[in-house]
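**Q** can't give you the sequence, but here's the structure:
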Ligand code: GLN
């Protein structure tokens with residue numbers, strides 16, 4: 001391999017800015033040595049307080065890591081949100097929500113206090129978490145821990161194991177949690193086997209993770225339950241959103257209100273030194289540093305979250321979005337018709353009704369506000385007969401957006417407006433949901449190519465206003481725009497040079513790269529001109545010339561295919577040149593016509609560029 005130039009090496013070694021930010025956090029907050037390593041679980045007291053690792057996972061599945069991001073530590077209370085989500089899906093929301101509240105308690109994590117109904121305040125404090133584990137234990141028995149371990153592993157995207165020493169240490173000393181267990185039992189929140197439930201709870205707290213794992217787990221929460229690295233839908237979107245809700249209100253215990261006020265990112269800490277923060281639709285953060293503050297949260301981890309939130313202004317309630325960005329182009333066929341070259345009668349009809357085919361090109365996400373904006377924009381002007389929505393650049397649809405789309409299409413159906421969609425790939429996820437929304441509607445059509453959609457709508461306009469598109473009709477040379485202005489005698493002379501060719505549907509008539517040695521006047525049928533990469537430049541019907549670029553170029557630059565059975569009159573270039581010499585007036589006419597036809601095409605091409613850059 002060729003060695004890279006110094007500039008290229010600098011480029012490949014350069015760091016993405018987010019990684020640089022994490023690096024800066026690591027070096028800046030390493031200086032922070034306040035706090036204490038948790039030692040109420042004796043084994044936790046052995047953690048090296050110097051460890052510091054940070055990881056950030058994006059929702060496209062990239063994981064940034066700095067420092068000790070691969071050092072394993074026990075998950076502790078960071079297991080609570082995941083086990084709560086698991087319980088919701090496993091046992092049903094009714095059962096779980098009936099047993100455990102969702103109100104912040106303002107208490108420390110290990111508070112032995114239930115609410116006025118003698119239920120735990122929320123699933124983030126120990127009482128609620130033990131109740132959650134208890135519900136799973138009641139239903140799954142000996143299988144309970146394995147179910148929890150597997151769920152945690154799917155969130156992390158790898159198989160997680162247990163730190164047996166930490167488990168044993170907590171099991172020996174966890175009387176406070178046992179007390180909570182008995183309190184829950186006596187209030188019938190969990191049924192009998194307190195020891196069994198506590199065993200599962202201690203094991204679940206002793207599951208080993210790294211800062212990287214935590215980042216991926218958090219990103220899965222931020223991504224409606226789809227692990228962005230493995231692509232797996234781990235739990236339902238319902239369970240995830242409710243989990244993030246309790247993390248928001250209670251994830252940081254008696255610091256929760258302050259936390260959400262200042263940092264504004266749902267988070268959960270664990271006495272092992274981990275902090276997990278999940279910013280919905282954006283990212284997941286995991287950090288590890290064992291020294292804790294008085295609330296039991298990692299001192300450095302909190303600093304990292306604060307820095308992330310303030311530096312990038314990520315407070316979740318500090319957002320806005322401009323729905324108007326969804327429309328990148330909005331025009332009618334007067335401004336940008338299809339690439340089908342029309343005959344004069346069709347052209348006249350289309351010119352008189354150009355506002356009746358409206359084309360709206362969209363980009364990004366079809367959200368509630370985006371679709372609302374589009375529907376108001378549509379209502380603001382003259383009602384077209386056809387609205388074409390080009391969805392090539394649409395990347396996703398929210399559920400609210402999809403519902404509003406269905407409602408908007410229904411409204412259009414009632415007004416007899418036909419909706420034409422382009423750019424939706426069949427068998428894609430979008431296609432399926434689109435079918436779902438529009439199954440009942442008779443006014444929705446779809447074509448993959450925007451140009452085909454426009455052409456189809458134009459045809460409908462031509463038919464509706466009394467025009468006809470007769471592909472089988474045979475036209476005379478006199479009707480050719482390229483030959484406008486030629487006398488009858490000149491046309492007869494030219495006709496004598498013609499050979500009539502017939503083509504079957506699908507035949508390749510001209511190929512890019514061939515010598516350009518003849519021109520053709522289409523008499524019947526239709527052909528299309530395509531670039532070698534498949535881009536269609538024009539569709540031509542009877543009465544149009546093709547291959548006329550032979551007058552200007554030596555080699556064919558595009559392919560021409562017959563769209564249906566077609567006939568054309570072929571004039572070899574050398575004969576045509578001889579004809580031009582013999583008829584200088586006709587020659588001048590033809591070259592002027594050619595210039596006019598090329599100018600028309602250029603105007604259309606410019607309009608297409610202009611539409612996309614100026615909307
Ligand atoms: N296993 C720990 C406990 O129950 C978890 C507490 C925490 O991380 N805040 O005491």
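**A** Structure received. Just so we're clear, the structure is a prediction, and the values are computed from it rather than from any experiment.

**Q** Helices along the stretch 501-615 of the chain, start to end?
**A** Along the stretch 501-615 of the chain, the stretches classed as helices by DSSP state H, counting those that start in this stretch are 573-582, 584-614.

**Q** Identify each buried residue in the longest one, please.
**A** Applying a neighbour-count criterion of 16 or more other CB atoms under 10 Å, the buried positions in helix 584-614 are 586, 587, 589, 590, 593, 594, 597, 604, 611. Using the backbone N, CA and C atoms, a C-beta is placed for each residue, glycine as well.

**Q** in this structure, which strand has the most residues?
**A** Secondary structure of the chain read by DSSP state E shows that its longest strand is strand 386-397.

**Q** tell me what that strand is packed against?
**A** strand 357-366, strand 418-422, helix 429-438, helix 450-464 (3 or more CB pairs under 8 Å, 6 or more residues apart in numbering; DSSP states H and E).

**Q** Which residues does the shortest one contact?
**A** Looking back up the chat, that one is strand 418-422. 385-392, 409, 412-413, 434, 441, 443-450, 452-453, 456-457, 460 (CB atoms under 8 Å, 6 or more residues apart in numbering).

**Q** Direction included, what does it pair against?
**A** Strand 418-422 pairs in its sheet with strand 386-397 (parallel), strand 444-447 (parallel), by DSSP bridges.

**Q** List the neighbours of the longest one that are in contact with it.
**A** Contact with strand 386-397 is made by 328-329, 356-366, 378, 405, 412, 417-424, 430, 433, 450, 453-454, 457, 460-461, as judged by CB under 8 Å, 6+ apart.

**Q** and that strand, what's its mean pLDDT?
**A** Across strand 386-397, the average pLDDT comes to 92.

**Q** what residues does the next helix or strand after that strand touch?
**A** Counting by DSSP states H and E, the next helix or strand C-terminal to strand 386-397 is helix 399-414. With contacts defined as CB under 8 Å, 6+ apart, helix 399-414 is touched by 365-368, 370-372, 374-375, 378, 387, 397, 418-419, 433, 437-438, 441-444.

**Q** Mark which of these are buried, thanks.
**A** 365-368, 370-371, 374-375, 378, 387, 397, 418-419, 437-438, 443-444.

**Q** Count the residues that sit near the residue in the stretch 101-250 of the chain that the ligand sits nearest to.
**A** Using CB to the nearest ligand atom, the single residue of the stretch 101-250 of the chain nearest to the ligand is residue 205, 3.5 Å away. For residue 205, the count of nearby residues is 29 (other CB atoms under 10 Å).

**Q** Nearest residue to residue 182 in space, please, no chain neighbours.
**A** residue 194 (5.7 Å; CB to CB, 6 or more residues apart in numbering).

**Q** Kindly report the same for residue 384.
**A** That would be residue 358: by CB to CB, 6+ apart, it lies 4.1 Å from residue 384.

**Q** Contact residues of the stretch 51-200 of the chain facing the ligand?
**A** Taking CB under 6 Å from any ligand atom, the part of the stretch 51-200 of the chain that reaches the ligand is made up of 76, 77, 109, 110, 126, 170, 177.

**Q** What of the chain?
**A** Checking the chain against the ligand by CB under 6 Å from any ligand atom, the hits are 76, 77, 109, 110, 126, 170, 177, 205, 270, 271, 296.

**Q** And the pLDDT at the fifth one?
**A** On the pLDDT scale, residue 126 is placed at 96.

**Q** Does it touch residue 108 like I think?
**A** No. Using CB atoms under 8 Å, residue 126 is not in contact with residue 108, being 9.2 Å away.

**Q** more neighbours, the two?
**A** Each of residue 126 and residue 108 has its neighbours counted (other CB under 10 Å); residue 126 has more, 24 against 15.

**Q** Phi and psi next, for the more buried one.
**A** Backbone torsions for residue 126, taken as degrees, to the nearest 10, come to phi -50, psi -40.

**Q** Now do the contacts for it.
**A** So residue 126 contacts 77, 109, 110, 111, 177, 180 (CB under 8 Å, 6+ apart).

**Q** Packing partners of the host helix or strand of the last one?
**A** Going back to what we said before, that points to residue 180. Assigned by DSSP H and E, residue 180 belongs to helix 175-186. With contacts defined as 3+ CB pairs under 8 Å, 6+ apart, helix 175-186 has these neighbours: helix 126-140, helix 194-205.

**Q** Looking at these, which one is packed in the most?
**A** helix 126-140 (a mean of 26; mean count of other CB atoms under 10 Å).

**Q** and the next element down the chain from it?
**A** Next along from helix 126-140, by DSSP H and E: helix 144-156.

**Q** tell me the angle that following helix makes with helix 126-140.
**A** 110 degrees (axes from the mean of the first three to the mean of the last three CA atoms, to 10 degrees).

**Q** got a list of contacts for helix 144-156?
**A** Against helix 144-156 from outside (CB under 8 Å, 6+ apart): 75, 79, 82-83, 85-86, 90, 133, 136-137, 140, 159-160, 162, 199-200, 203-204, 207, 209, 213, 216-217, 220-221, 227, 230, 232, 234-235.

**Q** So which of those residues sit within helices?
**A** 79, 82-83, 85-86, 90, 133, 136-137, 140, 199-200, 203-204, 213, 216-217, 220-221 (DSSP state H).

**Q** got a list of what residue 367 touches?
**A** So residue 367 contacts 321, 323, 326, 398, 400, 401 (CB under 8 Å, 6+ apart).

**Q** Then residue 137?
**A** Applying CB under 8 Å, 6+ apart, the residues near residue 137 are 144, 190, 193, 196, 197, 200.

**Q** Okay, the last one and residue 167: tell me how far apart.
**A** Spelled out, that is residue 200. Using CB to CB, to the nearest Å, residue 200 is found at 11 Å from residue 167.

**Q** and the spatially closest residue to residue 230 that is not a sequence neighbour, backbone torsions?
**A** Residue nearest to residue 230 in three dimensions, not counting chain neighbours: residue 157, with 4.5 Å by CB to CB, 6+ apart. Note on residue 157: backbone dihedrals following degrees, to the nearest 10 are phi 80, psi 20.

**Q** I'd say residue 157 and residue 216 touch.
**A** Yes. Residue 157 is in contact with residue 216 according to CB under 8 Å; the separation is 5.4 Å.

**Q** list residues touching both of these two?
**A** In contact with both residue 157 and residue 216: 227, 229, using CB under 8 Å, 6+ apart.

**Q** Just the buried positions in stretch 177-184, please.
**A** 177, 178, 180, 181, 183, 184.

**Q** Could you dump those into TSV and include distance to residue 530 and pLDDT?
**A** Listed next are those as TSV, based on distance: CB to CB, whole Å; pLDDT from 0 to 100:
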residue	distance to residue 530	pLDDT
177	72	96
178	76	96
180	73	96
181	73	96
183	76	96
184	72	95
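
**Q** Look at the nearest residue to residue 228 once chain neighbours are set aside and tell me its secondary structure.
**A** Nearest non-adjacent residue to residue 228, counting by CB to CB, 6+ apart: residue 61, 4.2 Å away. What DSSP: H, G, I helix; E, B strand; the rest coil gives for residue 61 is coil.
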